[in-house]
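Enquirer: My questions concern the predicted model and sequence given below.
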Amino acid sequence: MPAVYMRQAQADDLLDIKAIIDSGREYLKQQGLNQWQMGYPNQDTIATDLDLRQGYVLVVDHQVAGYAAVIVGEDPVYGVIEAGQWLNDDKSYVALHRFAMSNQFRGQKLAQRFMTAILSHFYEQNQRDFRIDTHPENLAMQAVITGNGFQKRGNVHIHEGEDRNVRWAYQLVL
């Protein structure tokens, strides 16, 4: 069985991460979803994540298999929630964005393991409040989210290109 672990993303991971994001974009398109179809996220987005030390990768047998941006602190995306409410008004939470797995590893339950690793890592840093969002029809991501104990709290809006799109917002307080 290969070694599977999470680590902070590094600059030399950029092309692997971009390939993961691009394959995720294609996967979403094949599912008929407009999520990530307007050029976001892109290489500049990922490079910014890396510069800010907000990028994390799942590594399987020495190969980058997954990527997520993990942002500690208030996130403007989650400032306004509709059709529900957050469990608290805490502004110090962990926001997860750009969660994607390589198509070479899809279907192996590694996304669940990656999410668990992120939660465990930030729990050890005394973070207890986690938030994430996804497209209302992204059933695969919803399964990863709810499979890790997150509860749907309402809707948020994100901007992709010229569009303002609804996303289901989830929260987990440990």
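Expert: Looks like it came in fine.

Enquirer: check which helix or strand covers the residue most central in space within the chain.
Expert: In the chain, the centroid-proximal residue (CA atoms, centre = their mean) is residue 99; its distance is 2.9 Å. Here residue 99 sits within strand 94-101, counting by DSSP states H and E.

Enquirer: Can you show me the strands along the protein?
Expert: 4-8, 55-60, 63-72, 94-101, 129-134, 151-160, 163-173 (DSSP state E).

Enquirer: Would you indicate which residues of the longest one are buried?
Expert: Along strand 163-173, these residues count as buried under the neighbour rule (16 or more other CB atoms under 10 Å): 167, 168, 169, 170, 171, 172. All C-beta atoms are positioned from the backbone trio N, CA, C, and that covers glycine.

Enquirer: Show me what the fourth one is bridged to.
Expert: On the basis of DSSP bridges, residue 170 takes part in beta bridges with residue 132, residue 152.

Enquirer: Wait, it touches residue 150, no?
Expert: Yes. Residue 170 is within contact range of residue 150, at 3.8 Å (criterion: CB atoms under 8 Å).

Enquirer: Touching both of the two, which residues are there?
Expert: Applying CB atoms under 8 Å, 6 or more residues apart in numbering, one finds that residue 170 and residue 150 are jointly contacted by residue 132.

Enquirer: Can you list the helices and strands that the helix of greatest length in the chain packs against?
Expert: As assigned by DSSP state H, the longest helix anywhere in the chain is helix 14-30. When contacts are defined as 3 or more CB pairs under 8 Å, 6 or more residues apart in numbering; DSSP states H and E, helix 14-30 packs onto helix 43-51, strand 55-60, strand 63-72, strand 94-101.

Enquirer: If we use 7 Å, what do you get?
Expert: Counting contacts by 3 or more CB pairs under 7 Å, 6 or more residues apart in numbering; DSSP states H and E, helix 14-30 is packed against helix 43-51, strand 63-72, strand 94-101.

Enquirer: Check the gap between residue 33 and residue 149 for me.
Expert: According to CB to CB, to the nearest Å, residue 33 stands 24 Å off from residue 149.

Enquirer: Looking at the two, which one has more neighbours?
Expert: In terms of neighbours (other CB atoms under 10 Å), residue 33 is the more surrounded of residue 33 and residue 149; the figures are 18 against 15.
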